[in-house]
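Peer 1: Kindly return the folded structure for what I paste below:
(chains A, B, C and D)
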2 protein chains.
Amino acid sequence: MPRAGLTPASVVAAGAELADELGYENLTMGLLAERLGVRTPSLYKHVSSLDALCHGISVETWRELGETLMRATVGLAGPAAVRAYADAFRHWVGRHPGRYAAGLRAPGPDDAEGQRIANEILQILYAVLAGFDLPGSRVVDAARALRSALHGFVTLENAGGFGLNRDVDRSFTFVVDSLIAGLRAGLSDEDSGQPEGTDHNGPRHEYHGSDD
Amino acid sequence: MPRAGLTPASVVAAGAELADELGYENLTMGLLAERLGVRTPSLYKHVSSLDALCHGISVETWRELGETLMRATVGLAGPAAVRAYADAFRHWVGRHPGRYAAGLRAPGPDDAEGQRIANEILQILYAVLAGFDLPGSRVVDAARALRSALHGFVTLENAGGFGLNRDVDRSFTFVVDSLIAGLRAGLSDEDSGQPEGTDHNGPRHEYHGSDD
DNA sequence: GGAAGTTGGCTAATGTGGTTAGCCAAAAGC
DNA sequence: GCTTTTGGCTAACCACATTAGCCAACTTCC
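Peer 2: You can find the predicted model right below:
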């Protein structure tokens, strides 16, 4: 019985690749084992369960996506930064649908690594939004808006939810431009019930509970 | 052996309810059978498979959601219609997360009923957008934008993707208002490569292939 | 009212996929 | 080289979807 030279990292990496190829929901221990030239139970020497494997893929996903978004937006500000962020996001997810699906599992409160990375990505987003001079209490709304729109768009796009009749790139531009319009307008901070200045919801580090 | 009085419709309805309670991914033939006071194989006398059950829930979902959106927007136009549409959508999905998840399975090309209902909902959306005098080739973009943003927002919200720190209602308003701003701006129809007037991508009925 | 037919329960059994137990050789450490 | 640890493997188990085939309960029709 020669050894296959697997490691937790290589198993997770192969799992991520397989998820992209077959779709996240079709990722199976048996298929992954086959891909790695090994019998199914052998995988358990490297990952404790399918769930753990998916968690590993998730962490990998956020790491890679974070790196990508960082590279894409470095040196940019304002609308250009938002557009670059959005495009990089869409293209990365388009190339890695399985990974992205795995990444959607929110990190549990006990998952320090996941929390850390989620927070890191959030910081990139806040940096991108910094150029718009939004009132403090609006920044969270803006981040959620951008996240929502991007997530929704790529999810529907990957699921084939858009017909083929009209250029999808153009639609994507429309979404992003609309949000930029909203950011520019500032959409007055119609009192959030919290006095200015003591707003504890700005882009700081209290977001360890969940990504915002 | 007394009879349980099940019908395909009642089984689907119970499945939808169970999906809302337990989450779509936890919906299982065994649990549904238990809920209905029956053994698992008995369900197969009413639905041909788990997949068929989910398809049934999906159809139900779009029917109910369509009805809800229709009611919410009837008699409204422009920004008010968009806001009403968005609010109704969010609240319905918030109350029916399992159903909504089931509804995400895009109807296959062979599924006439699913196609019909999807198209119907699309028509509501187009009606809501009609008040903005968008150039013909922009309407599809606008519809996709609204769908994406709403879908992304409710999905992240239901998944607990937003922290608890800041009012989520306000963030939702921000997303919707941003899109309305984009719709108002019209975001000039920077040539879509198709001559005006012959645009075959407007809000008509060619969308039988997939919802747009 | 009852005989025949259909319907809708049931138990038993199969297959797939995740997971554990426990064996044994290969690599690593001394 | 000998011991220990590690990473393969087979066998077995469990959950869940699904099918086969039995049999009672409703329905129909005389």
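Peer 1: Only C-alpha atoms from now on, for both contacts and neighbour counts.
Peer 2: OK.
Peer 1: How about stretch A:84-101, which residues are buried there?
Peer 2: A:84-90, A:92-94, A:96-101 (16 or more other Cα atoms under 10 Å in any protein chain shown).
Peer 1: Keep only those of the residues you listed that are in helices.
Peer 2: Using DSSP state H, the members of the buried residues of stretch A:84-101 that fall within helices are A:84-90, A:92-94, A:97-101.
Peer 1: What degree of burial does A:Leu31 show, as a neighbour count?
Peer 2: Counted with other Cα atoms under 10 Å in any protein chain shown, residues neighbouring A:Leu31 total 17.
Peer 1: Now for it: which residues touch it?
Peer 2: With contact set as Cα atoms under 8 Å, 6 or more residues apart in numbering or on different chains, A:Leu31 has no partners.
Peer 1: my read: A:Leu32 touches A:Ala13, true?
Peer 2: No: checked against Cα atoms under 8 Å, the pair A:Leu32 and A:Ala13 is beyond contact range at 10.5 Å.
Peer 1: So for those two, which residue has more residues nearby?
Peer 2: Neighbours per residue (other Cα under 10 Å) separate A:Leu32 from A:Ala13, with A:Leu32 holding more: 22 against 16.
Peer 1: In chain A, what residue lies closest to DNA strand D?
Peer 2: A:Arg39 (3.4 Å; Cα to the nearest atom of the strand).
Peer 1: And the pLDDT at that residue?
Peer 2: Per-residue confidence (pLDDT) for A:Arg39: 97.
Peer 1: A:Val175 now?
Peer 2: 96.
Peer 1: Is the helix or strand harbouring A:Gln115 in proximity to chain B?
Peer 2: Take DSSP states H and E as the rule and A:Gln115 turns out to sit in helix A:112-129. No: judged by Cα under 8 Å from any Cα of the partner chain, helix A:112-129 stays clear of chain B, getting no closer than 10.6 Å.
Peer 1: quick one on the thing from earlier: for the closest residue to the residue of chain A closest to DNA strand D other than its chain neighbours, grab phi and psi.
Peer 2: Distance criterion Cα to Cα, 6 or more residues apart in numbering or on different chains; nearest residue to A:Arg39, sequence neighbours excluded, is A:Ala33 at 5.6 Å. Main-chain dihedrals, A:Ala33, degrees, to the nearest 10: phi -60, psi -50.
Peer 1: Might one say that A:Ala33 is in contact with A:Thr40?
Peer 2: Yes: the pair A:Ala33 / A:Thr40 is scored as a contact, 5.1 Å apart, by Cα under 8 Å.
Peer 1: Pick out whichever of the two has more residues nearby.
Peer 2: A:Ala33 (18 against 15).
Peer 1: Relative to DNA strand C, how far out is the residue of chain A closest to DNA strand D?
Peer 2: A:Arg39 is 9 Å from DNA strand C, where distance means Cα to the nearest atom of the strand, to the nearest Å.
Peer 1: Also A:Leu104?
Peer 2: 18 Å.
Peer 1: Tell me, what's the model's pLDDT at A:Asp189?
Peer 2: 53.
Peer 1: mind checking the SS state of A:Leu6?
Peer 2: coil (DSSP: H, G, I helix; E, B strand; the rest coil).
Peer 1: Pull the contacting residues for it.
Peer 2: Counting by Cα under 8 Å, 6+ apart, A:Leu6 has contacts A:His46.
Peer 1: Burial check on A:Gly78, number of neighbours?
Peer 2: A:Gly78, neighbours per other Cα under 10 Å, totals 17.
Peer 1: Kindly provide the distance from it to B:Ala13.
Peer 2: If you measure A:Gly78 against B:Ala13 using Cα to Cα, to the nearest Å, the figure is 49 Å.
Peer 1: Could you do A:Leu18 as well?
Peer 2: On the measure of Cα to Cα, A:Leu18 and B:Ala13 end up 36 Å apart.
Peer 1: Could you do A:Ala130 as well?
Peer 2: Taken as Cα to Cα, the span from A:Ala130 to B:Ala13 is 48 Å.
Peer 1: and what of A:Gly161?
Peer 2: Taken as Cα to Cα, the span from A:Gly161 to B:Ala13 is 25 Å.
Peer 1: cool, and A:Ala19?
Peer 2: Going from A:Ala19 to B:Ala13 by Cα to Cα gives 33 Å.
Peer 1: what's the closest non-adjacent residue to A:Val82?
Peer 2: A:Val82 sits nearest to A:Val128 (Cα to Cα, 6+ apart), 6.1 Å away.
Peer 1: List the residues that contact A:Ala159.
Peer 2: B:Ala106.
Peer 1: Go through the helix or strand bottoming out on mean pLDDT in chain A and flag the buried ones.
Peer 2: Between all helices and strands in chain A, the lowest mean by mean pLDDT, DSSP states H and E belongs to helix A:112-129, at a mean of 91. By neighbour count with 16+ other Cα under 10 Å, helix A:112-129 contains the buried residues A:114-129.
Peer 1: hmm, stretch A:41-49 touching DNA strand D?
Peer 2: Yes: for stretch A:41-49 and DNA strand D, the contact criterion (Cα under 7 Å from any atom of the strand) is met by A:Pro41, A:Ser42, A:Leu43, A:Lys45, A:His46.
Peer 1: re the thing from before, what angle do the helix or strand following the helix holding A:Gln115 and helix B:136-158 make?
Peer 2: The first helix or strand that comes after helix A:112-129 along the chain, using DSSP H and E, is helix A:136-158. Counting by axes from the mean of the first three to the mean of the last three Cα atoms, to 10 degrees, helix A:136-158 lies at 110 degrees to helix B:136-158.
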